[in-house]
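>>> next come a sequence and a model predicted from it.
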Amino acid sequence: MSQSRSMICKGCWQQMRVPVPLRGPASVPFRIFGIRPSRMNPNTCTVCELMFTRVMKARQITVDVSVLFADLRGYTTLTQSVAPQAVSSLLDAFYDECAAAIWEYDGILNKTVGDAVMAIFNFPMRHENHPEQAILAGREIQRRCEARRASLLAENVGLDGSELGVGIGIDCGNASFGEFGRSHRDLTAIGTVVNTAARAQAAADAGRILVTQAVYDRAGLSGGGSQGRDYQLKGFEGPVHLYAV
Ligand SMILES: [Zn+2]
């Protein structure tokens with residue numbers, strides 16, 4: 001994983017062409033001033049994080065983003081056959097694998113909602129093809145988690161892990177950034193894009209990635225011949241057309 005870590009801040013380089021060292025001896029003087037890798041994406045720095053926080057605090061900021069939700073399925077049924085400790089380390093492994101995959105495609109791990117993780121692409125690091133970046137991150141999450149599942153089953157002979165897998169949903173479009181919630185102030189994105197991505201994730205079976213028409217078109221998959229189908233999503237009046245990618 002260390003090999004995929006950037007030596008300089010990708011955000012500062014992209015926006016200002018300033019090479020801010022994040023790792024190695026050159027980063028030491030920067031760390032003295034509190035500039036270090038961000039926890040939301042370790043390939044960006046705390047200066048970028050501060051900018052992200054400031055922009056979000058300004059409220060009514062609208063940004064074109066891709067939002068990805070990923071949720072681990074079937075692990076609760078494992079609690080009967082595996083030690084509780086093994087289940088919690090499985091969840092930790094899931095979060096780690098999701099984070100690594102999201103960072104690989106320049107997304108930020110915004111927060112965890114219940115057992116699901118929420119990732120945002122195209123902010124603060126810009127990518128014109130962010131819907132495609134989100135799909136690639138989703139596929140990488142599936143690949144990594146499948147490898148984890150295989151090794152878990154190899155270590156626990158006789159264990160039924162057939163229901164174990166990750167469901168993923170992705171939508172893209174304009175989202176509002178801000179501080180939301182009264183008791184617990186939360187810096188995040190809200191809007192239809194976030195809701196649709198979350199509902200698409202809930203509709204995705206283990207091992208599947210469901211994306212909206214907008215993601216499908218903008219990622220250039222329209223010529224792929226996939227039909228997709230209508231889903232009745234919770235909280236939506238009409239059917240929503242989703243594609244498995
Ligand atoms: Zn930076």
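Now that the structure is in, tell me what you want to look at.

>>> could you pick out the residues of the protein near the ion for me?
Residues of the chain lying near the ion by C-beta under 5 Å from the ion: 9, 11-12, 45, 47-48. For the C-beta atoms, the positions are set from N, CA and C on the backbone; glycine is no exception.

>>> what about the helix or strand encompassing S89, average pLDDT?
In this assignment (DSSP states H and E), S89 forms part of helix 84-104. Taken as a whole, helix 84-104 has a mean pLDDT of 88.

>>> what about it, distance to the chain center?
Relative to its chain's centre, helix 84-104 lies at 12 Å (C-alpha atoms, centre = their mean, to the nearest Å).

>>> moving C-terminal of that helix, what's the next helix or strand?
strand 108-113.

>>> mind listing what's buried in that next one?
Neighbour-count burial for strand 108-113, counted by 16 or more other C-beta atoms under 10 Å, picks out 108-110.

>>> over to stretch 210-224?
With burial defined by 16+ other C-beta under 10 Å, the residues of stretch 210-224 counted as buried are 210-212, 214-216, 218-219, 221.

>>> do the same with stretch 159-178
Quick answer for stretch 159-178 (16+ other C-beta under 10 Å): 161, 164-173, 175-178.

>>> in a helix, E49, correct?
Yes - assessed by DSSP: H, G, I helix; E, B strand; the rest coil, E49 belongs to a helix.

>>> and the residue lying closest to it once chain neighbours are set aside, what does it touch?
Excluding its sequence neighbours, the residue lying closest to E49 (C-beta to C-beta, 6 or more residues apart in numbering) is S38, at 4.2 Å. S38 makes contact with 44-46, 48-49, 108 under the criterion C-beta atoms under 8 Å, 6 or more residues apart in numbering.

>>> how about those in a markdown table, adding pLDDT?
Formatted as a markdown table, these follow (pLDDT from 0 to 100):
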| residue | pLDDT |
| --- | --- |
| T44 | 91 |
| C45 | 92 |
| T46 | 89 |
| C48 | 84 |
| E49 | 81 |
| I108 | 89 |
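
>>> in TSV, list those residues along with distance to L72.
Output for those, formatted as TSV (distance: C-beta to C-beta, whole Å):
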residue	distance to L72
T44	26
C45	30
T46	29
C48	29
E49	27
I108	20
